[in-house]
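J.: show me the folded form of this:
(2 chains)
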There are 2 protein chains.
Amino acid sequence: MNSTSIFLLCLIIGATLITILYVFYLYHKVGKIKISKKNVEDISGYIKEGAMAFLKREFKVIIPFIVAVALFLTILGFIPIFKTVEGIGWEGAIAFIVGASFSGLAGYIGMLSATKANARTTDAAHNSGMSSALRVAFSGGAVLGLSVVGLGLLGIAVLFLVFYYVYLGLGSTDITALAQASHVLTGYGLGCSMIALFDRVGGGIYTKAADVGADIVGKIEENIPEDDPRNPATIADNVGDNVGDVAGMGSDLCESHVGSIISCITLGILLVRKAVDSGSELNPSLIIFPLLIAGVGVIASLLSVVFIRLKEWKDPQKTLNIATYISTGLVAIATIILSLVYLKNGLAIGAVASGLVSGILVGKIAEYYTSSDFKGVKEVAKESETGDATNVISGLGLGMKSTLLTILALTGGIVISYLFLGNYGIGLAAVGMLSVAGATISVDAYGPISDNAGGIAAMAKLEPEVREITDKLDAVGNTTAAIGKGFCIGSATFTSLALFLSYSDAAKLFDNLGNANLNVLLPEVIVGLLLGAMLPYLFSSLVIGAVGRAANQMVIEVRRQFEEHPLILKGEEKPDYTRCVDISTKASLREMIFPGIVAVISPILVGFVLGEEGLGGMLIGALSSAIMLAIFMANAGGAWDNAKKYIEQGHFGGPGSKAHKAAITGDTVGDPLKDTAGPTMDILIKLMSVISLIMAPVFTAIPSLWELLINLF
Amino acid sequence: MNSTSIFLLCLIIGATLITILYVFYLYHKVGKIKISKKNVEDISGYIKEGAMAFLKREFKVIIPFIVAVALFLTILGFIPIFKTVEGIGWEGAIAFIVGASFSGLAGYIGMLSATKANARTTDAAHNSGMSSALRVAFSGGAVLGLSVVGLGLLGIAVLFLVFYYVYLGLGSTDITALAQASHVLTGYGLGCSMIALFDRVGGGIYTKAADVGADIVGKIEENIPEDDPRNPATIADNVGDNVGDVAGMGSDLCESHVGSIISCITLGILLVRKAVDSGSELNPSLIIFPLLIAGVGVIASLLSVVFIRLKEWKDPQKTLNIATYISTGLVAIATIILSLVYLKNGLAIGAVASGLVSGILVGKIAEYYTSSDFKGVKEVAKESETGDATNVISGLGLGMKSTLLTILALTGGIVISYLFLGNYGIGLAAVGMLSVAGATISVDAYGPISDNAGGIAAMAKLEPEVREITDKLDAVGNTTAAIGKGFCIGSATFTSLALFLSYSDAAKLFDNLGNANLNVLLPEVIVGLLLGAMLPYLFSSLVIGAVGRAANQMVIEVRRQFEEHPLILKGEEKPDYTRCVDISTKASLREMIFPGIVAVISPILVGFVLGEEGLGGMLIGALSSAIMLAIFMANAGGAWDNAKKYIEQGHFGGPGSKAHKAAITGDTVGDPLKDTAGPTMDILIKLMSVISLIMAPVFTAIPSLWELLINLF
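T.: Below is the predicted model:
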């Protein structure tokens, strides 16, 4: 690297450090706000306690797991034939531990902040009204958003720089040292992926087990409203919003953010190496460029948060939109300057822009299919009039239909970014899309905080005006959640695709002329592709089953409390919230193990049995299948949810009507689809891609079972 | 071809002619049975009238369509650059018309026979009991089974022989004439595919529109039982069984049967050509061998039908199993002999056997997941106790889970058949699996005939003992339907895969060394793959929406009749069956046009935009996605259906309980999934494969939009 590049890397590290400092300032600022009402503080305390109990127990499971994987990577590095790249070995193990720690830390800070912000949002709504409540909720979310992107990028930049000098010191040439350092980063990506697996799958099971369990006994059997303090599962339900929608979502986008940068660096190095091999001039700026875009994105997100906090805002939807627009605008301007001045290649603008636009489009399409402002949700609501079955069918149909526009937006982004800069362009598009992740996560995390704030207002029996404010905040949160889910899917698609392209290089998938080639006419690739396409279905069925079992346990516990303590229902005895929190916590961590093993083992097994080509087939098969299921489940679930709310607003007979009953069925069916199975699809494909990327040299070094069989016949 | 091969081809033609003669004998035999009860004859007359009305109107739509496609193929043949292979041009057009006619004729005869056999089964149950009713129902189904395989193979063998001599006469060498003749056969496959599209999609919409419409007003609103003659839609419902489950299923397997043979011939020619090119000895038996296996299969099916008809049978399940076992056993023995004596290659035994076994396994797995004898369905039934939503969720989960074993069975078959004989082995496996289609279709078509027989018994108000017999026959029909659906999916997978491999040759997807290659790392292939994976979702949403709209029309009409003619509900006035039949007929034909266009246009559009590589990606993407959706929808739907029946047998509260209500919701959700969207997945992938195969030379000859863009940048 030349001195400019090193200077820029240091600048990036500086920018992330400033962002992290701001995160602590913001966190402290939110925590300092005094809560004026005692019962609000108490309820918030229960939620915080529950959330921390989950995190604590989760870390107890995660830490030995992280240690085991790190040991495995280190030991593998001692086996000579596996020691071909640096993702394996002690270097990869260190990066892996740093990645897991940073990602875990970001989720931890974010959740801590969310559980502080929720009650303070309620209190602000009570004391000073909308504008002030909005600021607290947004600030609480921004802590997660900024820590995810700040910590994520800090880790990459530091590790990259450190290991570059390590390998340079060990005698590598400049370009080799860069390549070796980039391989180490894969371990960092794996660390983030592991945390995402735990947070997204565990969190998804947690939140829906509590939600469904609370609803079945509370709403359906005992006819008490949502968020009623008499319901023993209500605290667990509110904890679930933090576990699933805050930590889970944050770790998901953290994985995408980190994965997109790492794979783009890898694709950049590939180009530079090719240039070196063919004797052309070295252009190392291709390698630093994705880091720069990500750095600009972090600063842009920081500035948008600071700007929003500077002013008083009335309209929450407008405010959140402005936050997104500011960061998008800043990234766009910076991209133009950096492309022309630093990279000296105007085509990069197009690649980054196609990712940015594609990400926005996918979110908007999700909004179109899941908002009651448009005809899709209205039709689902209308179909509720003829009963539960027609409601469910029309939701399924709508979700399936929504794949068309979403896929057109994604493939459009792929085509355009490729036309600009080839595979590297696709990597840049992923980085571009995720550069605004800081702002997107902030906006997204605002949703569960507002949701919690409303729950606390209900539980604390505050005035209806307070609930009115929190309801308005929450309604906007539903829109941002739909957009956010779309963004998660879109970013997972681009990141996995970039990882898949990096994998093909790591696994040495070349034809005789040395060009990248994965021949899908080979039977092992076809079989891998079919197995890959099946995995998302299997994985979905496992987590859906897990939610069902965990919810059942919750139902039994709530029923038990009501039976043994009849005073609870009369409001004269405090229910035992902790036991319900405990059930959700234990069940979610226990139930996530098997699906987690399936996700981790499948690529390794397929790699050994079908070889690196078969594994390549599996990755692309899983990618295509998982995206479709994720879009289908997220949008069907969102549509059912909002169709129910639309009916509750008085349409088609309003609350209590036959249509409403049918809509509740649809909403309940959609719950595990949109909040558990759907989001885990993103994790599944990214995790499998990262594992394959790390293990690629192993599968390349040894013959697969398939190769042995072929030689036998 | 040597004289042995020509002699064998003539033998095959002879065998199919004998089979067709037997079909006419059997058809005549069934029709000759006198119906003793006047009202049974009347009701049967309505159903037959309705079925014929559908076919007549369908042919009015089909014939201009067929003529248009034939003209298009002919005209295309005059454009010099497109005139590179013989699937395009007047030869392909002729083959196309013959294929459409033969497939249409088989469906027509089969449906005519089914509408005769249904009332005669009722009457036999009434007059002489189970054994005799079973024989009539089976014979009625066998007419469809034998005419589908007999006519299908006859067309292939005759066209192949005729065009071989035509091209030989025009001066081609022996192997070139064979290749040219095989290309013409693709047109024949397209003809079968077109009929399958109309019958499966139109039939699927018809049957569920009538079913759902009849149930909503009859069962739910007016509380009258199923198959009550007072319900104006009840005849349409029974017609639907014939249109969807007889003609639709028959045309689906006809397409698979024909497609598997054609693609295997193509793969055989490829091998022989390679041998010729490399100067090794020509082994033309590879080309004739798939035709021989298919011929043996036709005879084996014929013999199994004859054998079943020879004896008196008591247990319907056992009888149907025996029919399948006999034909499977005969094919297995003949395969061993033919492989060793004629092909002189024992490896072919393994390839054919892996197809046979894979087909049986997939059927058995479908039975496992959809029969109430096993725990899956029992769990879905149990989940009904907690309400509609949990029933629906558990059915969705079960359907998703069922993809695992099914895909393992299919990929196992692919791997083993490939290990034995490479791509040609995969083609042979497809032919092997479908060789028993004659018996499978016979067994499968027995189901809707028994279902109709039960309906007629109810409508004619016959004694409960009669209904008991038809119920027993029908119960077995449900099992065979599940197995049959599995078989349809499995055969569609193998056939599409074989067609895909043939496509790669037709589209000249080679690497620089002339080896078959489709590089999935190319962006146009990835984009094609993603678009392909999306299409089954889009297609499903379209047909699900179509069923909803058509059912709505039916509901309005039935309500109108009940309102304007109150005597109908009192049983004192005959409802207007014809109008309901008319609504289903018109709606299904109108609603199938748009999905049909999507299926036909998509591969052509993608071929022009992304080129032959992108189209290859689309085919494999669609294949993987469509199989998963088909398995998921078929098994979820089957499980819901049987969970409902299990509860009706008295479990979990029995009929009328809360669990029963929830199970009805699940069953209704499953109806359009398992009977409309699911089965059309098979058609979608086969049709797209055949169209791509035909159009391949066009896309190869001209540059795609993608290529133009790439050159621009």
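J.: tell me which residue lies nearest the centroid of chain A.
T.: Centroid-nearest residue in chain A, with CA atoms, centre = their mean: A:D252, separated by 2.0 Å.
J.: near chain B, anything from the helix or strand harbouring that one?
T.: Using DSSP states H and E, A:D252 sits in helix A:249-277. No: contact of helix A:249-277 with chain B (CB under 8 Å from any CB of the partner chain) is absent, the minimum separation being 11.9 Å. Glycine gets a C-beta too; all of them are placed from N, C-alpha and C.
J.: what does the model give A:V85 for pLDDT?
T.: On the pLDDT scale, A:V85 is placed at 59.
J.: nope, A:F82 is what I meant
T.: 69.
J.: next: A:K574.
T.: 89.
J.: for the one 4 residues further on, same thing?
T.: Among the per-residue scores, A:T578 holds a pLDDT of 89.
J.: same check on A:F138?
T.: 95.
J.: how about it: what's its closest non-neighbour residue?
T.: A:Y446 (5.3 Å; CB to CB, 6 or more residues apart in numbering or on different chains).
J.: and what of A:L161?
T.: Nearest residue to A:L161, sequence neighbours excluded (CB to CB, 6+ apart): A:L9, at 5.4 Å.
J.: residues touching the one you found, list them.
T.: Counting by CB atoms under 8 Å, 6 or more residues apart in numbering or on different chains, A:L9 touches A:1, A:157, A:160-161, A:288, A:291.
J.: chain center to the helix or strand encompassing A:Y446: distance?
T.: In the assignment (DSSP H and E), A:Y446 maps to helix A:437-459. The chain centre lies 16 Å from the centre of helix A:437-459; the measure is CA atoms, centre = their mean, to the nearest Å.
J.: what about the following helix or strand past that helix and chain B, any contact?
T.: Remark: after helix A:437-459, the chain's next helix or strand is helix A:464-506, criterion DSSP H and E. Yes: with CB under 8 Å from any CB as the measure, helix A:464-506 is seen reaching chain B through A:497, A:501, A:504.
J.: the last one reaches A:A516, doesn't it?
T.: In this case it means A:S504. Yes: A:S504 lies in contact with A:A516 (CB atoms under 8 Å); the separation is 5.3 Å.
J.: mind giving me the packing neighbours of the helix holding A:Y446?
T.: Contact analysis of helix A:437-459 by 3 or more CB pairs under 8 Å, 6 or more residues apart in numbering or on different chains; DSSP states H and E lists helix A:38-78, helix A:90-127, helix A:130-169, helix A:234-240, helix A:249-277, helix A:285-310, helix A:316-338, helix A:464-506 as its packing neighbours.
J.: state the mean pLDDT of it.
T.: For helix A:437-459, the mean pLDDT works out to 93.
J.: between helix A:285-310 and it, find me the angle.
T.: When axes from the mean of the first three to the mean of the last three CA atoms, to 10 degrees is applied, the directions of helix A:437-459 and helix A:285-310 differ by 30 degrees.
J.: how big is the angle separating helix A:437-459 from helix A:38-78?
T.: Orientation of helix A:437-459 against helix A:38-78 (the same axes, to 10 degrees) gives an angle of 140 degrees.
J.: in helix A:437-459, which residues are buried?
T.: A:437-459 (16 or more other CB atoms under 10 Å in any protein chain shown).
J.: now for A:S504 and A:A516: what residues contact both?
T.: Joint contacts of A:S504 and A:A516 (CB under 8 Å, 6+ apart) are B:L521.
J.: more crowded one of these two?
T.: A:S504 (27 against 16; other CB atoms under 10 Å in any protein chain shown).
J.: tell me who's in contact with that one.
T.: Going by CB under 8 Å, 6+ apart, A:S504 touches A:516, A:518, A:616, B:521.
J.: dump those to JSON lines, plus pLDDT.
T.: Listed next are the contacts of A:S504 as JSON lines, based on pLDDT from 0 to 100:
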{"residue": "A:A516", "pLDDT": "88"}
{"residue": "A:L518", "pLDDT": "95"}
{"residue": "A:G616", "pLDDT": "97"}
{"residue": "B:L521", "pLDDT": "95"}
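J.: show me which of the residues you listed is closest to B:K661.
T.: Set against B:K661, the nearest of the contacts of A:S504 by CB to CB is A:G616 (48.6 Å).
J.: confidence score at the closest residue to A:G438 other than its chain neighbours?
T.: Computed as CB to CB, 6+ apart, the closest residue to A:G438 that is not its neighbour in sequence is A:S301, at 2.6 Å. A:S301 carries a pLDDT value of 97.
J.: wait, A:S301 sits on A:G145?
T.: Yes: counting by CB under 8 Å, A:G145 is a contact partner of A:S301 at 6.4 Å.
J.: what residues are shared contacts of those two?
T.: Common neighbours of A:S301 and A:G145, using CB under 8 Å, 6+ apart, are A:437-439, A:442.
J.: for the helix or strand harbouring A:Q180, what is the average pLDDT?
T.: Secondary structure from DSSP H and E places A:Q180 in helix A:174-196. Throughout helix A:174-196, pLDDT has a mean value of 92.
J.: how about stretch A:346-363?
T.: Stretch A:346-363 comes out with an average pLDDT of 94.
J.: for that stretch, which positions count as buried?
T.: For stretch A:346-363, a neighbour-count test (16+ other CB under 10 Å) marks A:347-363 as buried.
J.: quick one: stretch A:451-462 to chain centroid distance?
T.: Counting by CA atoms, centre = their mean, stretch A:451-462 is centred 27 Å from the centre of its parent chain.
J.: now swap in stretch A:62-72 and tell me
T.: 22 Å.
J.: what sits up against it?
T.: A:93, A:96-97, A:100, A:104, A:190-191, A:194-195, A:198.
J.: if we take the contacts of A:S504, which one ends up nearest to B:G150?
T.: Nearest member of these to B:G150, counting by CB to CB, is A:L518, at 42.8 Å.
J.: quick one, phi/psi of the closest one?
T.: When read as degrees, to the nearest 10, the backbone of A:L518 gives phi -130, psi 110.
J.: surely A:V30 touches A:A117?
T.: Yes: between A:V30 and A:A117 there is a contact under CB under 8 Å: 5.4 Å.
J.: between these two, which contacts overlap?
T.: The contact sets of A:V30 and A:A117 overlap at A:136, A:139-140, A:143 (CB under 8 Å, 6+ apart).
J.: how many neighbouring residues does the residue of the stretch 101-250 of chain A found nearest chain B have?
T.: Here the stretch 101-250 of chain A gets closest to chain B at one residue, A:I216, 6.6 Å apart by CB to the nearest CB. By other CB under 10 Å, 23 other residues sit near A:I216.
J.: list the contacts for it?
T.: Contacts of A:I216 by CB under 8 Å, 6+ apart are A:551, A:555, B:386-387.
J.: and A:G202, by the same measure?
T.: Going by CB under 8 Å, 6+ apart, A:G202 touches A:58, A:243, A:248, A:588-589, A:592.
J.: ditto for A:V415
T.: A:V415 makes contact with B:523, B:527, B:706, according to CB under 8 Å, 6+ apart.
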